[in-house]
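Peer 1: Can you look at this prediction? I've put the sequence above it.
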Amino acid sequence: MSQTIHAIYENGVFRPIEPVNLPERCEVEVEVRQVKAEPKVPSLDDVYAIMSKRFDSGDSEVAARHNEHQP
């Protein structure tokens, strides 16, 4: 018998998403294939690119308001 079981891998265990039609403690063979790609972690270059974009607040003297948001 062959069936596709969708599962989530958490804490070292595959957890089926839907009920599985198998007897308890039966031995199975698993072939793992990742369905969704992991989200891309931004690189340092990506962060610098975002930081280099100028934020247009409409206020020409942002430095004068620096202390407003400081604890």
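Peer 2: Received, thanks.

Peer 1: host element of residue 47?
Peer 2: For residue 47, the host element (DSSP states H and E) is helix 44-52.

Peer 1: Considering only helices and strands, which part of this protein has the lowest mean pLDDT?
Peer 2: Least confident helix or strand, the chain: helix 44-52 with a mean of 85, by mean pLDDT, DSSP states H and E.

Peer 1: ok, back up a step: how far away from the center of its chain is the helix holding residue 47?
Peer 2: A distance of 19 Å separates the centroid of the chain from that of helix 44-52, by C-alpha atoms, centre = their mean, to the nearest Å.

Peer 1: That helix - contacts with which helices or strands?
Peer 2: If contacts are counted by 3 or more C-beta pairs under 8 Å, 6 or more residues apart in numbering; DSSP states H and E, helix 44-52 sits against no helix or strand. (Glycine included, C-beta is placed from N, CA and C.)

Peer 1: mind listing the strands for the chain?
Peer 2: With DSSP state E as the criterion, the chain has strands at 7-10, 13-16.
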